[in-house]
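> quick one: sequence plus predicted model below, questions after.
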There are 2 protein chains.
Amino acid sequence: MQAPPPPTAPDPMLKLENQLCFPFYAVSRQLTKTYQPYLQELGLTYPQYLVLLLLWEHEQLTVKALGDRLLLDSGTLTPLLKRMEQRQLLSRRRAPHDERSVIIGLLPAGRALEAQARSIPGQLLAKAGLALDELAALRSQLTQLLARLT
Amino acid sequence: MQAPPPPTAPDPMLKLENQLCFPFYAVSRQLTKTYQPYLQELGLTYPQYLVLLLLWEHEQLTVKALGDRLLLDSGTLTPLLKRMEQRQLLSRRRAPHDERSVIIGLLPAGRALEAQARSIPGQLLAKAGLALDELAALRSQLTQLLARLT
DNA sequence: CTCAAATCAATTGTGCACAATCAAACATTA
DNA sequence: TAATGTTTGATTGTGCACAATTGATTTGAG
């Protein structure tokens, strides 16, 4: 279905193909879909995988620390972490010295997923058709942009 | 809250900072947040804004055509379009020659938002601190990556 | 012409994402 | 220490995002 262009030509800056944000939005969603079959084997969603990446590295972190690193707030993290707690992937407990904080700790079932996840990054890079140096260049541009936006 | 590193150092490919996808995921969400104050004045969400960008250009499109261009399926678009229909921004009707298709047409209230949206792309570019040539370079890389992923 | 396959939108169910609000716990300072 | 303000997580409500299924419609092979 394709209509003829409207009588008044639109501002070129308002055409979808010229948008800054749309490619980020679309690539982000497509990347998540690309991860999906691998993560499904582990029973994880992409945001849950990100939480585990941090816990594999740090063993335990507060909800606040997770949110700071992932740029997610408690409205997103709390239900997500409760689902992972039900699966015994992690534990949630109040910090003894500061009852406001909730400490998220890695449990054995969560630790066990690390070995299964090892092959994921390499397979993703292959699917994206990126060499390691291209990846590094792209990532540094994105990190720089992210810093300007936050 | 920061715990000492775990006894077994994690695979560097599994560290958050080395992930390919996370920067896209984070930048995409941050960009949406950056748009938010401007779009709020128009009463639009970011995906609704994308639909209008296409309608400003094409006046009318089927749900299928919108989904193809935005890489969104009907489970996402149908409720979103119904909300926009309720606000009289667009119309939804079956195609006479093919009753399976639903044609989305721009209404005056939707057309009227175009003038108000004109200033948005420029303000976003300024906030992102990008020059036009940087933008073009980044966009071509992203478009290329998107093509490899789809 | 017939009916099996393909197309398209809608629906259902799950899981983010985020603004806004709240309440508890902690920190500060007068 | 009493009053005030800040930090932290949880809750609520709205709106995507997408997999899976359904049902109506159209197409096309025989």
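Happy to help now that I have it.

> which helix in chain A has the most residues?
When chain A is scanned for its longest helix (criterion: DSSP state H), the result is helix A:21-42.

> how far off centre is it?
Distance, stretch centre to chain centre, for helix A:21-42: 9 Å (C-alpha atoms, centre = their mean, to the nearest Å).

> what residues does chain A put near DNA strand D?
When proximity is defined as C-beta under 7 Å from any atom of the strand, chain A approaches DNA strand D at A:25, A:29, A:32-33, A:36, A:62-64, A:67, A:73-75, A:77-79, A:81, A:92, A:98, A:100-102. Quick note: C-beta positions are derived from backbone N, CA and C, even for glycine.

> just the buried ones among those, please.
A:25, A:29, A:32, A:62-63, A:67, A:77, A:81, A:102 (16 or more other C-beta atoms under 10 Å in any protein chain shown).

> buried sites along stretch A:120-130?
A:120-121, A:124-125, A:128, A:130.

> closest to A:Glu17 out of these?
A:Ala128 (21.6 Å; C-beta to C-beta).

> so what's that closest one up against?
A:31, A:34, B:20, B:145, B:148-149 (C-beta atoms under 8 Å, 6 or more residues apart in numbering or on different chains).

> please apply the same query to A:Leu66.
Contacts of A:Leu66 (C-beta under 8 Å, 6+ apart): A:51, A:54, A:72, A:77, A:81, A:104.

> returning to that earlier point: let's see which of the buried residues of stretch A:120-130 end up in helices.
Those of the buried residues of stretch A:120-130 lying in helices (DSSP H): A:120-121, A:124-125, A:128.

> of those, the lowest pLDDT goes to which?
Confidence by pLDDT is poorest for A:Ala128 among these, given 83.

> tell me which residue in chain A sits closest to DNA strand C.
Nearest residue of chain A to DNA strand C: A:Gly75, at 2.7 Å (C-beta to the nearest atom of the strand).
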